[in-house]
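# From the sequence below, what's the structure:
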Amino acid sequence: MSWDQDCSCSCHDCPECDGGCDDDCDCECHECCSECATDDQNDDDDEDDSEEDEESGDRLITISRRIQRVSRTSYSVRVVGSIEGDYIQACANHGTNTIDVTEGLIDAMDDDELAFVISHEVAHFLNQDNERTREVIDQGLEATVEATRSLRGKGLIKQLLGSVIILTAGVAGTFVASRLASQEHETEADQLALEYMQQAEYDPQSAISALEKLYGGSLPNYDLWEGIVASFIQTHPEPARRGRNILKRL
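Residues are numbered from 1 along each chain as shown. Alright, predicted model coming up:
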């Protein structure tokens, strides 16, 4: 174990070290010095981590450039630690035209699988899915407000009760409509991603294994009740159905 000549630990002031220490110093006081014992190792670990991060970023940029060429769209990619607590995930940020990809996802996937994920997010940009979903929500809320106006001229009690019923039903209906629209957008993005993969000379068959890794190793198949509930509240289609839709396109 070596000790830094510039280490300021108080234990290095012992007279046996004469104010300093060398690589061969075996003074017992050094057994309590964790600072200089770990500095070299920490430096090596930091250097290794930096090299791994750089390699992940290089892979992501290389794949992204190939997808950019075939999709003819401009966007940037960014490596992040997690997305809303998920360490294997990617996300399109429509406001900045940026795609966030977690380090865990990059490490878990090969180039073909990663190309599917990037292509899928690019498809969201080109299809303007964020704006399309917002339009569904706006239309639903506008219809709800318009329905409440039909209560004008009714008695106060009827207006209050009617407004509560209409608003509750309208907001719930708008929520479900936005979820159904989002699921449709996800299916469209999957289909367009397969086209980009093929054009960029990546293997579209890898889309299935990419999905499996995103869902933790397999594509869950919901039962009837789970499927009904999921269709009302989830932004993505049922995983197994999503996989079947992709297979139909291969």
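# pretty sure residue 183 contacts residue 232?
No - here residue 183 does not reach residue 232: they are 10.2 Å apart, not a contact under CB atoms under 8 Å. In this view, the C-beta of every residue, glycine as well, is placed from N, C-alpha and C.
# so where is this protein shaky, pLDDT-wise?
1-56 (pLDDT under 70).
# name the helices or strands packed onto the longest helix belonging to it?
When the chain is parsed with DSSP state H, its longest helix is helix 156-199. Other helices and strands packing on helix 156-199, by 3 or more CB pairs under 8 Å, 6 or more residues apart in numbering; DSSP states H and E, are helix 34-71, helix 111-127, helix 129-149, helix 206-214, helix 224-233, helix 239-249.
# quick one, which of the ones you listed is packed in tightest?
helix 111-127 (a mean of 23; mean count of other CB atoms under 10 Å).
# between it and helix 239-249, what angle do the directions make?
90 degrees (axes from the mean of the first three to the mean of the last three CA atoms, to 10 degrees).
# Alpha carbons only: can I get helix 111-127 in CSV?
Output in CSV follows, covering the C-alpha atoms of helix 111-127 (Å, rounded to 0.1, in the frame of the first residue of the first chain):
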residue,chain,number,x,y,z
ASP,A,111,-26.6,-1.8,-31.3
ASP,A,112,-29.6,-3.2,-33.2
GLU,A,113,-31.8,-3.1,-30.1
LEU,A,114,-30.6,0.4,-29.2
ALA,A,115,-31.4,1.4,-32.8
PHE,A,116,-35.0,0.4,-32.3
VAL,A,117,-35.4,2.4,-29.1
ILE,A,118,-33.9,5.5,-30.7
SER,A,119,-35.9,5.1,-33.9
HIS,A,120,-39.1,4.7,-31.8
GLU,A,121,-38.4,8.0,-30.0
VAL,A,122,-37.6,9.8,-33.3
ALA,A,123,-40.9,8.6,-34.7
HIS,A,124,-42.6,10.4,-31.8
PHE,A,125,-40.9,13.6,-32.9
LEU,A,126,-41.9,13.2,-36.6
ASN,A,127,-45.5,12.2,-35.8
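# now for that helix, which elements pack on it?
Here helix 111-127 touches helix 34-71, strand 90-93, strand 98-102, helix 103-108, helix 156-199, helix 206-214, going by 3+ CB pairs under 8 Å, 6+ apart.
# show me what contacts residue 226?
The contact partners of residue 226, taken as CB atoms under 8 Å, 6 or more residues apart in numbering, number zero.
# Now do it against residue 163, distance only.
As judged by CB to CB, to the nearest Å, residue 226 and residue 163 stand 34 Å apart.
# repeat for residue 219
Residue 219 sits 44 Å away from residue 163, taking CB to CB as the criterion.
# go on, residue 95?
On the measure of CB to CB, residue 95 and residue 163 end up 34 Å apart.
# Which one's more surrounded, those two?
residue 163 (16 against 6; other CB atoms under 10 Å).
# Tell me which of the helices and strands packed on helix 111-127 approaches residue 114 most closely.
Residue 114 lies closest to helix 34-71 among the helices and strands packed on helix 111-127, at 5.5 Å (CB to CB).
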